[in-house]
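# Pasting the sequence and the predicted model now:
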Amino acid sequence: MNAESKVVWSFMALLAGCGLIAQGIRSTSAPGGSEQRFRNLSDAVVIEIHDGVSQRVLRGEFRAQASVSGSVIRAATLAGENDNAVGTAEIELSRHPSGALVQELEVDVDGLTSNASFDVLIDGQRVGAFDTDPRGAAELERFGRVAEARVKAAD
């Protein structure tokens, strides 16, 4: 086998491996289908950040913010028992040109325990998790189509 053939076959094997990895990521990140959807957070009230032993370390309440170009925006300031730990959270909902309702959840924290894992709960339901960096800071961003209830056609 000449050097050129070895390069081509190596490249093809690399592409196949990347495809398998991508398929694995896709199947684990979107259970029940290829498109991940999450619940509509437009009426969210409380956001909490919990540590590894389910102890609340930060809490905030969402408030409506000024609407920008037809988007619904809700924001919360996060505070906790530890004066050093702070954060912000924002939910933005908008209509995609296709008509789909999409939302973005962004959580930024600072002053938490460094190199630790935390859960994000909204109204008591877990919506995500993050790991802090060596400074105790982290950011969680989730963007996707909202799971909307189907409207039953009138009989």
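Yep, that arrived.
# Show me the helices in the protein, by range?
3-29 (DSSP state H).
# low-confidence ranges in it?
Within the chain, the stretches with pLDDT under 70 are 1, 5-37, 68, 70, 148-155.
# Break it down into its structural domains.
1-34, 37-146 (automatic domain parsing).
# ok, S67 - contacts?
S67 is in contact with I73, counting by CB atoms under 8 Å, 6 or more residues apart in numbering. Heads up, the C-betas are built off the backbone N, CA and C, glycines and all.
# Could you tell me how far it is located from A85?
Noted for S67: a distance of 30 Å to A85, by CB to CB, to the nearest Å.
# Equivalent analysis for V109, please.
The value you get for V109 to A85, if CB to CB is used, is 7 Å.
# who touches both of the two?
58, 78.
# Let me know the distance separating the nearest residue to E139 once chain neighbours are set aside from R135.
Nearest residue to E139 in three dimensions, chain neighbours excluded: D108, at 5.1 Å (CB to CB, 6 or more residues apart in numbering). The gap separating D108 from R135 is 13 Å, by CB to CB.
# Show me which of those two is the more surrounded one.
Relative neighbour count places D108 above the other of D108 and R135, with 16 against 11, counting by other CB atoms under 10 Å.
# Surely the more buried one and G87 touch.
Yes. Counting by CB atoms under 8 Å, D108 touches G87, with 5.8 Å between them.
# Identify the contacts common to these two.
Common contacts of D108 and G87 (CB under 8 Å, 6+ apart): none found.
# for the domains of the chain, which one ends up most surrounded?
domain 37-146 (a mean of 16; mean count of other CB atoms under 10 Å).
# How far does that domain sit from its chain's centre?
Distance of domain 37-146 from the chain centroid (CA atoms, centre = their mean, to the nearest Å) equals 8 Å.
# gap between E139 and L112?
12 Å.
# How about N40?
28 Å.
# for the closest residue to I73 other than its chain neighbours, what are its contacts?
Leaving aside its sequence neighbours, I73 sits nearest to Q65 (CB to CB, 6+ apart; 4.2 Å). Neighbouring residues of Q65 by CB under 8 Å, 6+ apart: 73-75, 90.
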